[in-house]
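Engineer: coords please:
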Amino acid sequence: MLKKIFLVIALLLVAGLYLGEPVYQFYAHRGKVPMPFWGYVDIPQDIPSRNEVHQAEYQQAAESALTLLKAHRQKINTPGISAAVAIDGEVVWAGTAGWADIADNRPLTPDSQFRIGSTSKALTATLFARMVQDEKLTLDTPLNQLTLGSRNPHWQNITPRQLASHTAGLPHYKENTETIGLYRSIALNSSYRDVLDAVALFDDSDMLFSPGEDFSYSSYGTVLLSAVLQETGGKPYQTLMQEAVLKPLAMVHTTPTTVSVHAEQEAANLATFYWREDESLPRVRPWRDVDLSHRLAGGGFISTPSDLVKLGSGFINNDFISEPVRAAFWTPQTLNNGDVNEQHYAIGWRVHDSDLGEGIGKVKIANHGGVSRGSQSWLMVIPQYRMAIAVNINSKTETFWDFGRISFPLARTFILSRTSKDQSLSAPLKGEN
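Structural biologist: Next comes the predicted model:
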């Protein structure tokens, strides 16, 4: 009898450790509980860099851009940074500074892959736009016309437009009232090949508000959107993405990421992701292994800056996304009362005017940033100059824009280089304001 009691106690302890360890790691990476003292490495002072110029006319701009990139890496104290610029649908420059993996002495290259976090939403929005363009569904097809609508009675009147603009009332990760789903989003140790299995993590959760009544950022809303695209497209979401977006745009380094399914595929190019306790110190430790497949459409892809600028370029290519569809997707969305949502969020993109400084002034920018485990991502498109810029790092800054601000001087460098050769290139795209 005593042996049985000890056995039960031992099993309970093992189960507690198994279930509790990822939760502890989750809060340790957020600085809420102490991080284990082992596993740290120092960022070497000798920093490798790489400069790839794909069009000779941008050689001088590329050299200036690499100088900016190297200085920015040092300023934000990240192990590595990678960036790319595309103009007229072509990648004209890609540059890197720093390390893909410190322990293995592996420098970053333009092919090094990063977790792109919520920049994944721009990928999903592009697939959505392509399917709207092909009349597979409309922006306002209610879920009650799909089998998905039966999974939660509060989903009946939700539209894809609302899911993509965060006005549907879906919870974000920590607002999920479904206990197992909340745990899974913390543990990050389960794979979900079918997006419907990921939907099951929150399909019984409470809603935050009725569809269209308010704005609340929700990656789960984008996950549900991916299930809508899967049902209306008649193929797995990943297959639709490959056929309609990744393959046509030659985005060969963009893929879903999991711990197990893609481990061998990712091994050669995937950067190591790092955690920092103090941003002022060059002391980091590799981030714990995580599986982000439960949030794939809203935050689970890996990519490179060169692939991301191909995505941005595709969205302003009239042969890929038509003018009317692009205009619809880049219009900030309104609530039921007619007010524009508080973030001026469009459909899978943020769109706003920004001042790039003297000689350029205010320009329209469509963008999406991303924060993931040990990485940050930024993609912005400047349609007036037919330009896309992407930047990625394999660590995190406490304030996102401390990382993302490098995109503006990079934009200035290439815009001024271009307009000095041909002032006519500052004319807007047809159909753009």
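
Engineer: the stretch 301-433 of the chain: helices as residue ranges?
Structural biologist: For the stretch 301-433 of the chain, helices defined by DSSP state H, counting those that start in this stretch occupy the ranges 305-315, 323-329, 400-404, 407-419.

Engineer: could you redo the ones you listed as TSV and give each row mean neighbour count?
Structural biologist: Glycine gets a C-beta too; all of them are placed from N, C-alpha and C. Shown next, in TSV, are those (neighbours: other C-beta atoms under 10 Å):
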stretch	mean neighbour count
helix 305-315	27
helix 323-329	17
helix 400-404	17
helix 407-419	20
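
Engineer: out of these, which is closest to Glu231?
Structural biologist: helix 323-329 (20.4 Å; C-beta to C-beta).

Engineer: name the helices or strands packed onto the closest one?
Structural biologist: When contacts are defined as 3 or more C-beta pairs under 8 Å, 6 or more residues apart in numbering; DSSP states H and E, helix 323-329 packs onto helix 120-133.

Engineer: show me what contacts Ser280?
Structural biologist: By C-beta atoms under 8 Å, 6 or more residues apart in numbering, the contact set of Ser280 is Asn77.

Engineer: returning to that earlier point: can I get the helices of the stretch 301-433 of the chain in JSON lines including mean pLDDT and distance to Pro248?
Structural biologist: Output for the helices of the stretch 301-433 of the chain, formatted as JSON lines (pLDDT from 0 to 100; distance: least, C-beta to C-beta, whole Å):
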{"stretch": "helix 305-315", "mean pLDDT": "98", "distance to Pro248": "7"}
{"stretch": "helix 323-329", "mean pLDDT": "98", "distance to Pro248": "15"}
{"stretch": "helix 400-404", "mean pLDDT": "97", "distance to Pro248": "28"}
{"stretch": "helix 407-419", "mean pLDDT": "93", "distance to Pro248": "25"}
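
Engineer: out of those, which comes closest to Met380?
Structural biologist: Among those, the nearest to Met380 by C-beta to C-beta is helix 407-419 (5.7 Å).

Engineer: let's see the closest one as CSV, backbone CA atoms only.
Structural biologist: Taking C-alpha atoms only, helix 407-419 is exported to CSV below (Å, rounded to 0.1, in the frame of the first residue of the first chain):
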residue,chain,number,x,y,z
SER,A,407,13.4,51.6,-41.5
PHE,A,408,12.9,55.3,-41.9
PRO,A,409,16.6,56.2,-42.6
LEU,A,410,16.8,53.2,-44.8
ALA,A,411,13.8,54.4,-46.8
ARG,A,412,15.3,57.9,-47.0
THR,A,413,18.6,56.5,-48.3
PHE,A,414,17.1,54.6,-51.2
ILE,A,415,14.4,57.2,-52.0
LEU,A,416,16.9,60.0,-52.2
SER,A,417,19.2,57.8,-54.3
ARG,A,418,16.5,57.0,-56.6
THR,A,419,14.9,60.4,-57.0
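
Engineer: can you list contacts of it?
Structural biologist: 58, 60-61, 64-65, 68-69, 83, 85, 87, 92-93, 354, 356-357, 359-360, 378, 380, 382, 385, 387, 389, 391, 425-426.

Engineer: could I get the average pLDDT for the strand or helix carrying Leu225?
Structural biologist: Here Leu225, judged by DSSP states H and E, is contained in helix 219-233. Taken as a whole, helix 219-233 has a mean pLDDT of 98.

Engineer: is it possible to get a markdown table of the helices of the stretch 301-433 of the chain that adds distance to Phe215?
Structural biologist: Shown next, in a markdown table, are the helices of the stretch 301-433 of the chain (distance: least, C-beta to C-beta, whole Å):
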| stretch | distance to Phe215 |
| --- | --- |
| helix 305-315 | 23 |
| helix 323-329 | 17 |
| helix 400-404 | 19 |
| helix 407-419 | 25 |
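
Engineer: out of the ones you listed, which is closest to Asn157?
Structural biologist: Nearest to Asn157, of the helices of the stretch 301-433 of the chain and by C-beta to C-beta, is helix 323-329 at 20.1 Å.

Engineer: can you show me the strands along the stretch 151-300 of the chain?
Structural biologist: Secondary structure of the stretch 151-300 of the chain, counting by DSSP state E, counting those that start in this stretch: strands at 255-256, 274-275, 283-286.

Engineer: run the angle between the helix or strand that Val92 is a member of and helix 305-315 for me.
Structural biologist: Using DSSP H and E, Val92 falls within strand 90-101. Relative orientation of strand 90-101 and helix 305-315, computed by axes from the mean of the first three to the mean of the last three C-alpha atoms, to 10 degrees: 150 degrees.

Engineer: and the helix or strand following strand 90-101, how far out from the chain's middle?
Structural biologist: Scanning forward in sequence from strand 90-101 by DSSP H and E, the next helix or strand is strand 106-107. Averaging C-alpha coordinates over strand 106-107 and over its chain gives two centres that are 23 Å apart (C-alpha atoms, centre = their mean, to the nearest Å).

Engineer: what do you get for stretch 106-117?
Structural biologist: That offset, for stretch 106-117, works out to 14 Å (C-alpha atoms, centre = their mean).

Engineer: circling back to that earlier point, nearest to Gly233, of the helices of the stretch 301-433 of the chain?
Structural biologist: Once the helices of the stretch 301-433 of the chain are compared by C-beta to C-beta, helix 323-329 is nearest, at 16.2 Å.

Engineer: what sits against the residue nearest the centre of the chain?
Structural biologist: Centroid-nearest residue in the chain: Thr119, 2.2 Å away (criterion: C-alpha atoms, centre = their mean). Thr119 makes contact with 301, 303, 308, 368-370, 377-379, according to C-beta under 8 Å, 6+ apart.

Engineer: quick revisit: any idea of the angle the helix holding Leu225 forms with helix 120-133?
Structural biologist: Per the same axes, to 10 degrees, the angle that helix 219-233 makes with helix 120-133 is 30 degrees.
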